[in-house]
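K.L.:
give me a model of this one.
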Amino acid sequence: MTTRYKMRSLACGLLALALAGCGGGTEPSSYYLLSAMPAPEAPIRSDMSDQLAVGVGPISLPAYLDRPQLVTRASPNRLNLAEFDRWAEPLRDMFSRTLAEDISSLVGTDLVYVLPRRDTPALDYQVPVEVFRFDRDAEGQVKLLARWSIFDDEASEPLLIRRLLIREPTPPESGAEEIIVALSRAVETLAREIARDLQGLAGQAALSGYDLTTIQNALRSRGFDPGPSDGVIGPQTRKAIRRYQAARNVPVTGEPSPQLQKLLTRTP
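P.N.:
Numbering: from 1, shown residues only. Here you go, the predicted structure:
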């Protein structure tokens, strides 16, 4: 009886030590965020680009990335999950927001919105993005493979579709933070390509010009008196434009533009 009691006590003691050892050696998790690029001193601009309203999204990511752990590739067919290196929020939300912030900085407009959202404003362009790959491979390269389309507010078919594989090198034996920095650079490169496409489309639209008489008539119908609808940009027309822009919460310039005409003629 005594021997059995001693054996039981010894077993319990060893188990307690084992559990204590496991608890004391648990590695704390680290949490990471993608970083948006700093706003450039000279953004890529076209005429009136600061009035462009752009919706970025929806963004789709492959299911293997839908997890809190940082994912890397051990081989083309095998993944590694870093149990203690984790995203601080769902990756799709973070990717969407970072891409939108980068596009906003590059195009030079504050009117960039992440889609979907509950109250979608009037948009000049919408950019859905499909991501096929977003990880670091066994050779040390971060790879972002994505396809995006650009729609305007009137077209049911995309104005443009592009697909691109972006590569960013990382140093040998990189830690999680170095990998996250390279992933952020890849998102920035994607934003640069999309920004160039948006600027190109906006530039083409600007070449088609605008009809000032149409703008004046539309302003009057919305209660902003531009004076006579004579196709002449005078002080009263500029004042009406500024009042309308302020009411619509868009940059106040007082200048007519194709974007202004589109905004006036598509809103109730």
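K.L.:
the strands in the stretch 51-200 of the chain, which residues?
P.N.:
All strands of the stretch 51-200 of the chain, identified by DSSP state E, counting those that start in this stretch, fall at 54-60, 69-75, 78-87, 112-114, 125-136, 141-152, 160-169.
K.L.:
okay, those strands in CSV with mean pLDDT and mean neighbour count next?
P.N.:
The way it works is simple: take the backbone N, C-alpha and C, and place the C-beta from them, glycine included. Formatted as CSV, the strands of the stretch 51-200 of the chain follow (pLDDT from 0 to 100; neighbours: other CB atoms under 10 Å):
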stretch, mean pLDDT, mean neighbour count
strand 54-60, 97, 20
strand 69-75, 96, 16
strand 78-87, 96, 15
strand 112-114, 96, 20
strand 125-136, 97, 20
strand 141-152, 96, 19
strand 160-169, 97, 14
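K.L.:
distance to residue 193 added to the ones you listed, as TSV?
P.N.:
TSV is the format used below for the strands of the stretch 51-200 of the chain (distance: least, CB to CB, whole Å):
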stretch	distance to residue 193
strand 54-60	13
strand 69-75	24
strand 78-87	24
strand 112-114	15
strand 125-136	11
strand 141-152	8
strand 160-169	6
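K.L.:
out of those strands, the one nearest residue 232 is which?
P.N.:
Closest of these to residue 232 is strand 141-152, at 28.9 Å (criterion: CB to CB).
K.L.:
the inter-axis angle of the closest one versus strand 54-60?
P.N.:
If you take axes from the mean of the first three to the mean of the last three CA atoms, to 10 degrees, strand 141-152 sits at 130 degrees to strand 54-60.
K.L.:
which strands and helices sit next to strand 141-152?
P.N.:
strand 125-136, strand 160-169, helix 176-207 (3 or more CB pairs under 8 Å, 6 or more residues apart in numbering; DSSP states H and E).
K.L.:
can you put those in a markdown table and add distance to residue 95?
P.N.:
Output for those, formatted as a markdown table (distance: least, CB to CB, whole Å):
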| stretch | distance to residue 95 |
| --- | --- |
| strand 125-136 | 7 |
| strand 160-169 | 13 |
| helix 176-207 | 7 |
